[in-house]
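In: Only the shape, not the letters, is given here:
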C-alpha cells in the first residue's frame, strides 16, 4: 500500500486491490480512518477532529487525481497540504 502523501504527521495511502466505494486510508499517529474520495464521508476510523479536517481539505483539493489513481491503479505521490 503506497504512501501517496504525507503532511502534518498525516499519512495518506491507497491500496492496489480494494473494495468500492473509492476511498483512501489516512493515519495520524495511533489513529486511522478510511475516507470516501467522492463525498468525504468517513467509512471507518477515529481520526482526531483537527486531523480529519485537514485530511478532508486535502482530499477535496485532489479529488480528481485520487479518482484517476483509483480507476487506473497508477499511483503517484501527490503534493502535501502546506
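Out: Thanks, I have the structure now. Quick caveat: nothing in here was measured; it's all calculated off a predicted structure. Residues are numbered from 1 along each chain as shown.
In: drop to CA atoms for contacts and neighbour counts, all remaining ones
Out: Fine.
In: Now do the SS call for the spatially most central residue of the chain.
Out: Nearest to the geometric centre of the chain sits residue 24, at 3.7 Å (C-alpha atoms, centre = their mean). Three-state assignment for residue 24 (DSSP: H, G, I helix; E, B strand; the rest coil): strand.
In: can I assume it is in contact with residue 35?
Out: Yes. Between residue 24 and residue 35 there is a contact under C-alpha atoms under 8 Å: 5.5 Å.
In: report the longest helix in the chain, please.
Out: helix 49-61 (DSSP state H).
In: that older thread, what's near enough to touch the residue nearest to the centre of the chain?
Out: 12-15, 34-37 (C-alpha atoms under 8 Å, 6 or more residues apart in numbering).
In: Now residue 78: phi and psi?
Out: In terms of degrees, to the nearest 10, the main-chain angles of residue 78 are phi -110, psi 140.
In: no, scratch that, I was asking about residue 32
Out: For residue 32, the backbone dihedrals (degrees, to the nearest 10) come out as phi -150, psi 150.
In: which residues of the protein fall in helices?
Out: 49-61, 63-72.
In: Nearest to residue 3, out of these?
Out: helix 63-72 (12.5 Å; C-alpha to C-alpha).
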